[in-house]
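Undergrad: quick one: sequence and predicted model below, then my questions.
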Amino acid sequence: MTLDVRLFPCRSDNYGFLARDRATGVVAAIDTPDAARILEELQALGWGRLDLILNTHWHPDHTEGNERLKAETGCEIVGPEEVARAAPLDRIVADGDTVRIGDTALKVVATPGHTLGHVVYHDAADGLAFVGDTLFALGCGRLFEGTPEQMWDSLSRLATWPDETVIWCAHEYTAANARFALSLDDRPEMKSHAEAIFKSRERGEPTVPTTIGTERRFNPFLRAGDVEVFAARRRAKDDFAG
């Protein structure tokens, strides 16, 4: 591993992430749900700097800290073009680009669906990815702008990664997602997985990160098989009251 990753809760159900390259000490925030919390974590960790912001998409709960963090640290803000509609952006990236946190290279992967310009940042060498609101533990993002076809294609790209790939997703939605998954999947292993999640949340523990292998095994959206089933499940989840 060349990155140290720190996860911390923000707002009502967001997670903030700070990532530090061990070789160079360069530090990045992945999305900016709460500038004050990010600055507190930087101080608590003793990392002492913020060099970079990597935005995954434009939604305010992922970008509203950009302006303050830029003003207080002078960091560079990197993200898809759509970020500029909501917050400051210094460098535009798109599918296939590479972003570096010091010596650590992350590939930009376009994942439209939740928004049209959503991207994720994949560190293949370390086997980890920051996926914003595209993929959640046992879930996926709502289709606010994209189509089911776009989101299915996006999820299918992520599903090709190795099982051990660590997935840092941006919200703590896992207990609700587990209840929906149980409405579709009565396998004993699914029940055991959901029970472990419920117990973790009762203890106040995060259920993030997850892995691609775990999601391929249990996530009802990755298990859909085709776009028609995926679309039906996404609609059902939007209306699910469990």
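TA: Cool, got the structure.

Undergrad: report all helices and strands that the longest helix seen in the chain contacts.
TA: Longest helix in the chain by number of residues (criterion: DSSP state H): helix 188-202. Secondary-structure packing of helix 188-202 (3 or more Cβ pairs under 8 Å, 6 or more residues apart in numbering; DSSP states H and E): helix 174-184, helix 212-218. No exception for glycine: its C-beta is placed from N, CA and C like everyone else's.

Undergrad: can I get those in a markdown table with mean neighbour count?
TA: Converted to a markdown table, these look like this (neighbours: other Cβ atoms under 10 Å):
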| stretch | mean neighbour count |
| --- | --- |
| helix 174-184 | 19 |
| helix 212-218 | 19 |
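
Undergrad: of those, which is nearest residue 154?
TA: helix 212-218 (13.4 Å; Cβ to Cβ).

Undergrad: in the helix or strand just after the closest one, what's buried?
TA: Following helix 212-218 in sequence order, the next helix or strand is helix 227-238 (DSSP states H and E). Judged by neighbour count using 16 or more other Cβ atoms under 10 Å, the buried positions of helix 227-238 are 227, 230-231, 233-234, 237.

Undergrad: angle of helix 227-238 against helix 174-184?
TA: If you take axes from the mean of the first three to the mean of the last three Cα atoms, to 10 degrees, helix 227-238 sits at 120 degrees to helix 174-184.

Undergrad: what sits up against helix 227-238?
TA: 139-140, 142-143, 148-149, 151-152, 155, 180, 184, 220-221, 224 (Cβ atoms under 8 Å, 6 or more residues apart in numbering).

Undergrad: what subset of those residues is buried?
TA: Buried members of the contacts of helix 227-238, counted by 16+ other Cβ under 10 Å: 139-140, 143, 148, 151-152, 155, 180, 220-221, 224.

Undergrad: dump these into CSV; add distance to residue 193 and pLDDT as well.
TA: Formatted as CSV, those follow (distance: Cβ to Cβ, whole Å; pLDDT from 0 to 100):
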residue, distance to residue 193, pLDDT
139, 13, 98
140, 17, 98
143, 25, 98
148, 25, 98
151, 23, 98
152, 23, 98
155, 19, 98
180, 13, 97
220, 12, 98
221, 15, 98
224, 18, 97
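
Undergrad: save the residues you listed as TSV, and put in distance to residue 53 too.
TA: As requested, the buried ones among the contacts of helix 227-238 are arranged in TSV below (distance: Cβ to Cβ, whole Å):
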residue	distance to residue 53
139	25
140	24
143	26
148	30
151	25
152	29
155	25
180	32
220	32
221	28
224	33
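
Undergrad: what's the mean pLDDT across stretch 12-20?
TA: Averaged across stretch 12-20, the pLDDT comes to 97.

Undergrad: start at 890, not 1
TA: Renumbered: residue one is now 890, and that last one reads stretch 901-909.

Undergrad: quick one: that stretch to chain centroid distance?
TA: Mean C-alpha position of stretch 901-909 versus that of the full chain (Cα atoms, centre = their mean, to the nearest Å) differs by 9 Å.

Undergrad: how about stretch 1017-1027?
TA: On Cα atoms, centre = their mean, the centre of stretch 1017-1027 falls 4 Å from that of its chain.

Undergrad: cool, and stretch 912-929?
TA: Using Cα atoms, centre = their mean, the offset of stretch 912-929 from its chain centre is 15 Å.

Undergrad: and it, what's buried?
TA: 915-924, 926-928.

Undergrad: tell me the spacing between residue 990 and residue 931.
TA: 14 Å (Cβ to Cβ, to the nearest Å).

Undergrad: any low-confidence regions in this protein?
TA: 1131 (pLDDT under 70).

Undergrad: which stretches of it form strands?
TA: 892-899, 903-910, 916-919, 941-943, 965-968, 980-981, 987-990, 993-999, 1008-1012, 1017-1021, 1024-1025, 1028-1029, 1055-1058, 1099-1100 (DSSP state E).
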